[in-house]
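In: Predicted coordinates and the sequence they were generated for:
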Amino acid sequence: MIDLSIIIVSWNVEGLLRQCLASIDAGRDSLALETLVVDSGSTDSSVEMVADKFPWVRLLPQSENVGFSRGNNVGLALAAGRYLLLLNPDTQLVGHAVSQMVAYLDAHPAVGALGPQLLHTDGRIQSSRRRFPTLATGFLESTWLQPVAPRRVLRDYYVQDRPDDLTSEVDWVVGACLMVRRQTYEQVGSLDEGYFMYSEEMEWQRRIKDAGWKVVYYPAAKVTHHVGKSSDQAAAQRHIYFQRSKLRYFRQYHGRLAATALRSFLLIIYAWQLALEASKGMVGHERTMRRHRVSTYWRVLRTGLPPAGK
C-alpha cells in the first residue's frame, strides 16, 4: 500500500523543481510514496530534466498551462496513496517533514488536512495560517490599503494571536504544502477548476471544514518555500488571476452583492494606481518601472475583473 502520493504542478521552474524532487528523495524515510509531476506546458527543459534525473517520478506532461487547480486534479485522480500531498515546485522539504506529517494524521483521525510551518529561503518563518476572510479582509488584505488597515483585521486573518510554534486548528493553511487524507478528498471532491490559481486551496479547505473535518497547522514539520517563482514570470496575469479568484470566492461565500462591491472597489484602486504611476513617470521618476506598472494595471483594468470562472 502506498502511504503518500505527492503531487507537484510545475511551470517553467526547472531549477527549483530539481531541488524540490531532490529533497523528496532525501526525506522519504521508510514511507511508501509516489511522486507525480504534472508539467503545465513548460517551455524550459523541466520535462527532460525530470525524466533524466528522477526516473522514479511519474511524469504527466500537459500540452498547455492548465493552472494550479486543474493540474492538481490531474494528479489527484491518478494518486493511490492513503494521504495526498499538494506540493509547490518552489519548495524544499526540511528533514523528515513528510513522515512527520503522515505520523500526525495517523494519530489524529479527525484531521482532514494538515499544513507544516513554511520557511522563507533565509530561514525566517513564513506566514501560512489563516482564518477565513471577512468582507473587511477582502477590502484590505493584499490591496494598497493594507498598510493602513486596522491591525485587528489582519491580526485575526493571519492568526497572529497564536505563537508560531503552536500546533493548532485553523480555518485553512497556505497550499504550498498541504496534506489531505484520502477519505477527506473522496468526501469533498476535487479542487474547483473555476480557480485557475490563487484562493483554490482556501475554497477547498472551506469545503473540508464544512464537511466536519479539522484543518491543522503543524509547525513541527518544516518546509522551505521560495515563494511565487512560477507566477513571478507574468506580473499582469498574476494580478488578474489573484483578483478574479478572490472575487469568485467572495461571490460563492459572501454573495453577489458583496462580490460586486469588492469588484468595483478593486477597479477604482487599480485606476487610481495607474494614474499615480503615470504621473510619476511624466515627471521623470524611474520611468521604465513606471511604464511597466502602468502597462500592468491597464491590462488588469481592461479585463474588468469578472469573478473567475465567468
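Out: Cool, the structure landed.
In: Which helix or strand in this structure has the lowest average pLDDT?
Out: The weakest-scoring helix or strand in the chain, judged by mean pLDDT, DSSP states H and E, is helix 287-303 (a mean of 89).
In: Pull out the buried residues from it.
Out: 290, 293-294, 296-297, 300 (16 or more other C-beta atoms under 10 Å). From N, CA and C alone the C-beta is placed, and that goes for glycine too.
In: how far away is the residue nearest the centre of the chain from residue 38?
Out: Centroid-nearest residue in the chain, with C-alpha atoms, centre = their mean: residue 175, separated by 4.2 Å. Per C-beta to C-beta, to the nearest Å, residue 175 is found 14 Å from residue 38.
In: what do you get for residue 251?
Out: According to C-beta to C-beta, residue 251 stands 28 Å off from residue 38.
In: what residues does the least confident helix or strand of the chain touch?
Out: Outside helix 287-303, the residues within contact range by C-beta atoms under 8 Å, 6 or more residues apart in numbering are 235-236, 239-240, 243-244, 267, 270-271, 273-274, 277-278, 280-281.
In: Just the C-alphas of the helix or strand in which residue 136 is found, formatted as PDB.
Out: Secondary structure assignment for residue 136, by DSSP states H and E: helix 135-140. Extracted in PDB, the C-alpha atoms of helix 135-140 (Å, rounded to 0.1, in the frame of the first residue of the first chain):
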ATOM      1  CA  LEU A 135     -15.700  41.200   3.900                       C
ATOM      2  CA  ALA A 136     -13.400  43.700   5.700                       C
ATOM      3  CA  THR A 137     -10.500  41.400   5.000                       C
ATOM      4  CA  GLY A 138     -11.400  41.400   1.300                       C
ATOM      5  CA  PHE A 139     -11.200  45.100   1.000                       C
ATOM      6  CA  LEU A 140      -8.000  45.500   3.000                       C
END
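In: residues of the helix or strand just after it that come out buried?
Out: Sequence order places helix 151-157 as the next helix or strand after helix 135-140, per DSSP H and E. Across helix 151-157, burial judged by 16+ other C-beta under 10 Å covers 153, 156-157.
In: tell me what helix 151-157 is packed against?
Out: With contacts defined as 3 or more C-beta pairs under 8 Å, 6 or more residues apart in numbering; DSSP states H and E, helix 151-157 has these neighbours: helix 135-140.
In: about what we covered before: list only those of the contacts of helix 287-303 flagged as buried.
Out: The neighbour-count criterion (16+ other C-beta under 10 Å) marks 236, 239-240, 243-244, 267, 270, 273-274, 277, 280-281 among these as buried.
In: circling back to that earlier point, tell me the mean pLDDT over the helix holding residue 136?
Out: Mean per-residue pLDDT for helix 135-140: 91.
In: For that helix, name the packing helices and strands.
Out: helix 151-157, helix 235-254, helix 256-282.
In: and of the ones you listed, who's closest to residue 60?
Out: Among those, the nearest to residue 60 by C-beta to C-beta is helix 235-254 (21.8 Å).
In: Mind checking what secondary structure residue 209 has?
Out: Following DSSP: H, G, I helix; E, B strand; the rest coil, we place residue 209 in the helix state.
In: for it, what are its contacts?
Out: By C-beta under 8 Å, 6+ apart, the contact set of residue 209 is 171-172, 215.
In: Flag the shaky bits of this protein, pLDDT-wise.
Out: Residues of the chain meeting the criterion pLDDT under 70: 228-234, 284-285, 310.
In: From residue 204, how far off is the nearest residue to residue 119 once chain neighbours are set aside?
Out: Spatial nearest neighbour of residue 119, chain neighbours left out: residue 224 (4.8 Å); criterion: C-beta to C-beta, 6 or more residues apart in numbering. According to C-beta to C-beta, residue 224 stands 23 Å off from residue 204.
In: who has more neighbours, these two?
Out: residue 204 (26 against 23; other C-beta atoms under 10 Å).
In: Which helix or strand contains that one?
Out: Element membership of residue 204 [criterion: DSSP H and E] is helix 200-210.
In: Name every strand pairing with the very next helix or strand once past that helix and say which way it goes.
Out: Counting by DSSP H and E, the element after helix 200-210 in chain order, helix or strand, is strand 214-225. According to DSSP bridges, strand 214-225 forms sheet pairs with strand 91-93 (antiparallel), strand 111-119 (parallel), strand 168-170 (antiparallel).
In: okay if I get the contacts of residue 209 as a markdown table plus neighbour count and distance to residue 6?
Out: Below are the contacts of residue 209 laid out as a markdown table (neighbours: other C-beta atoms under 10 Å; distance: C-beta to C-beta, whole Å):
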| residue | neighbour count | distance to residue 6 |
| --- | --- | --- |
| 171 | 17 | 24 |
| 172 | 24 | 20 |
| 215 | 23 | 19 |
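In: so which of the residues you listed comes closest to residue 125?
Out: Comparing the contacts of residue 209 against residue 125 with C-beta to C-beta places residue 172 closest, at 17.6 Å.
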